[in-house]
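Novice: predicted model follows, preceded by the sequence.
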Amino acid sequence: MLQKRSDEAAYWNDWENFCWVVEAGSFTGASDMTGVPKSSISLSLSRLEDRLGNRLLDRTTRKIRVTDFGQTLYDRIKPLLDELREADNDARSNQQKVSGTLRLAAPYETGWLHLAPALGKLLKAHPELRVEIDDTRKIPNLLEQRYDIAFVKTDARLPDSSLVSKRVVAMERAFFAAPEMISRRGLPRKLQDIASWPTIVDMDDEYWDLMEDGQEVERIALSPTIRTYNVEMRVRAAVDGLGVVRLLPAYIEDQLNSGKLVRLFPHHLSSPLKVYALTPARRLVPAKVRALLETFDAAGTDR
């Protein structure tokens, strides 16, 4: 009986490995995604093909191609495996003890300013919990990449309606420039005054706006000198006098205190950078996920 159960477990693992290979496009990619050795995945696929009596993949020295037979089976098996993972997550979420590994994906700024303090409180309250954080702006496939939570900006397009979103923070943004740039061009009085200035923008910025009492009062189109996701590069370029930048004031306190950057329109803000936590749609939320979101709530960061 024990041997039979072991064989059945290996058989379902073979199916799962097959799905990983199809999604990754290679044995190496599947190994990187799962942590399973490439040789074990290759053996697993050979075993599955022998059992089915048909080829699932055509292999060459450079790449693999899914056969028609393999694609048909993948389309049937993949949703079933996803549902099985979901059922397993729901079952384990009944455990009230906050432990195990919490896997997160978050942009750098979100992690540095807000996620790190929340995690500090969480880990002090639950010392048996472990955390893994990937620094990314891309929205991952939470189930396939096995993330518990992904933090994303509100203007990012959500790829899957099965995800549950919760706003965890709205970060104030304002405009800044180096003193030398202001001395050359004069102190702007309204947003339109900087429309002709060189700008340093986030990759997602399509325009800049200025807010008053929560309402947009001005907007300008952008023709940036520098466009990058890297916030540290944007700060450095602004300090070097290469352009105006829109940033979170909390991120550049040192530069403001030292006079390397000066805030423009000090009585106005730009629209806030809203960050959402995305989680898989589950009837029961795992205790470790619930604990992190409650930590954000307790800190008042979701206002």
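Specialist: Yep, that arrived.
Novice: let me see the domain layout of the chain.
Specialist: With domains defined by the TED database, the chain comprises 1-92, 100-165+279-300, 171-271.
Novice: residues in contact with residue 110?
Specialist: Contact analysis of residue 110 by CB atoms under 8 Å, 6 or more residues apart in numbering lists 151, 169, 275. Glycine gets a C-beta too; all of them are placed from N, C-alpha and C.
Novice: shaky segments in the stretch 51-200 of the chain?
Specialist: The stretch 51-200 of the chain contains residues with pLDDT under 70 at 60-62, 86-96, 154-162.
Novice: quick one, helices of it?
Specialist: With DSSP state H, counting those that start in this stretch as the criterion, the stretch 51-200 of the chain has helices at 68-92, 108-110, 116-125, 179-185.
Novice: same list, those, but as TSV with distance to residue 228 please.
Specialist: Formatted as TSV, these follow (distance: least, CB to CB, whole Å):
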stretch	distance to residue 228
helix 68-92	35
helix 108-110	12
helix 116-125	22
helix 179-185	19
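Novice: what's the closest of the ones you listed to residue 291?
Specialist: Evaluated with CB to CB, these place helix 116-125 nearest to residue 291, the distance being 6.1 Å.
Novice: which neighbouring elements make contact with the closest one?
Specialist: Counting by 3 or more CB pairs under 8 Å, 6 or more residues apart in numbering; DSSP states H and E, the packing neighbours recorded for helix 116-125 are strand 129-135, helix 287-299.
Novice: got the contact list for the last one?
Specialist: Taking CB under 8 Å, 6+ apart as the criterion, the residues outside helix 287-299 that touch it are 93, 95-100, 102, 114, 117-119, 121-122, 125-126, 129, 148-149, 166, 168-169, 277, 279, 302.
Novice: residue contacts, residue 202?
Specialist: Residues near residue 202 by CB under 8 Å, 6+ apart: 227-229, 231, 234, 246.
Novice: re earlier: could you say which of the helices of the stretch 51-200 of the chain is packed most deeply?
Specialist: helix 108-110 (a mean of 20; mean count of other CB atoms under 10 Å).
Novice: hmm, back to that, in strands only, show me the contacts of helix 287-299.
Specialist: Cross-referencing the contacts of helix 287-299 against strands under DSSP state E gives 100, 102, 129, 149, 166, 168-169, 277, 279.
Novice: which of these are buried?
Specialist: 102, 129, 149, 168-169, 277, 279 (16 or more other CB atoms under 10 Å).
Novice: how far off centre is stretch 211-227?
Specialist: Distance of stretch 211-227 from its chain centroid, counting by CA atoms, centre = their mean, to the nearest Å, is 25 Å.
Novice: and the average pLDDT for it is what?
Specialist: What stretch 211-227 shows for mean pLDDT is 92.
Novice: excluding chain neighbours, what is closest to residue 45?
Specialist: Distances taken as CB to CB, 6 or more residues apart in numbering place residue 18 nearest to residue 45, at 5.9 Å, with adjacent residues excluded.
Novice: avg pLDDT for the helix or strand hosting the one you found?
Specialist: Assigned by DSSP states H and E, residue 18 falls within helix 2-24. Helix 2-24 carries an average pLDDT of 71.
Novice: need the next SSE after it, C-terminal direction.
Specialist: Moving toward the C-terminus from helix 2-24, the next helix or strand (DSSP H and E) is helix 27-34.
Novice: coming back round to it: now, which of the buried ones among the ones in strands among the contacts of helix 287-299 sits nearest residue 255?
Specialist: For those, the nearest to residue 255 is residue 169 (21.9 Å; CB to CB).
Novice: for that closest one, name its beta-bridge partners.
Specialist: Judged by DSSP bridges, the bridge partners of residue 169 are residue 275.
Novice: how far away is it from residue 163?
Specialist: Residue 169 sits 18 Å away from residue 163, going by CB to CB, to the nearest Å.
Novice: and if you look at residue 120?
Specialist: Applying CB to CB, the value for residue 120 to residue 163 is 26 Å.
Novice: over to residue 142?
Specialist: 7 Å.
Novice: right, and residue 119 touches residue 131 too?
Specialist: Yes - Residue 119 is within contact range of residue 131, at 5.9 Å (criterion: CB atoms under 8 Å).
Novice: give the contact list for the closest residue to residue 211 other than its chain neighbours.
Specialist: Nearest residue to residue 211, sequence neighbours excluded (CB to CB, 6+ apart): residue 269, at 5.3 Å. Going by CB under 8 Å, 6+ apart, residue 269 touches 172-174, 210-211.
Novice: ok, so of those residues, who is nearest residue 250?
Specialist: Of all the contacts of residue 269, residue 250 sits closest to residue 172, with 8.0 Å by CB to CB.
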